[in-house]
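Peer 1: below is the sequence, then the predicted model.
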Amino acid sequence: KAGVTQTPRYLIKTRGQQVTLSCSPISGHRSVSWYQQTPGQGLQFLFEYFSETQRNKGNFPGRFSGRQFSNSRSEMNVSTLELGDSALYLCASSSRGPFGETQYFGPGTRLLVL
Amino acid sequence: DAKTTQPNSMESNEEEPVHLPCNHSTISGTDYIHWYRQLPSQGPEYVIHGLTSNVNNRMASLAIAEDRKSSTLILHRATLRDAAVYYCILRDLYGQNFVFGPGTRLSVLP
């Protein structure tokens, strides 16, 4: 099975711009979660989508949004970029089984805001 | 989700066993113990998880204390490729989201 893929892998933007990141989950996985990772804050949960519906949301401003399509692919959007949005954005897909849930992470998109 | 406590860093010699501890004194009866690791420049990777009994897989073993207030991830023979940040996470079967702490940075010396 192919793993979780994220595009693009690297991105440079300037303050005030917006950005869209894409994630393709493992085939058959219906849940996609997004995380932001920075040296100072570590791995922080952004939101989770399941069957095209946002199921959980972390403590991030409304500039961070996402969506999921019928094929389970997901996108996240950050509007009005700030310098502090520079981070590694990770996507994870998961299968929920009877013994708990295992998340499979993609390689991430590294965003640099100048 | 209940909190976990891990040492900031640990060091091991190559080909020796490594025991990575995790304290979770406020664990509830339905919390599963998950371990993930993150190698440099990669996303986190699932290692192992368990509820009450010790668990083994091809990557590692998970030893869970009888009172479930602590657990230990065991790498039987550390290799240089095992150098990573290891995260111990508690999550209810139907929990909301994974909450990652700072983890333990494992260095493996040749």
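Peer 2: Thanks, I have the structure now.
Peer 1: interface residues of chain B facing chain A?
Peer 2: Counting by Cβ under 8 Å from any Cβ of the partner chain, chain B comes close to chain A at B:32, B:34, B:36, B:42-46, B:49, B:51, B:87, B:91, B:93, B:95-103. Where C-beta positions appear, they are placed from N, C-alpha and C, glycine not excepted.
Peer 1: let's see which of the residues you listed end up in strands.
Peer 2: B:Tyr32, B:His34, B:Tyr36, B:Glu45, B:Tyr46, B:His49, B:Tyr87, B:Arg91 (DSSP state E).
Peer 1: buried only: go through those for me.
Peer 2: Neighbour-count burial (16 or more other Cβ atoms under 10 Å in any protein chain shown) applied to those gives B:Tyr32, B:His34, B:Tyr36, B:Tyr46, B:His49, B:Tyr87, B:Arg91.
Peer 1: show me which positions of stretch B:61-78 end up buried.
Peer 2: B:Ser61, B:Leu62, B:Ala63, B:Ile64, B:Arg68, B:Ser70, B:Ser71, B:Thr72, B:Leu73, B:Leu75, B:Ala78.
Peer 1: tell me the contacts of B:Leu62?
Peer 2: B:Ile33, B:Trp35, B:Ile48, B:His49, B:Gly50, B:Asn54, B:Val55, B:Asn56, B:Ser71, B:Thr72, B:Leu73, B:Ile74 (Cβ atoms under 8 Å, 6 or more residues apart in numbering or on different chains).
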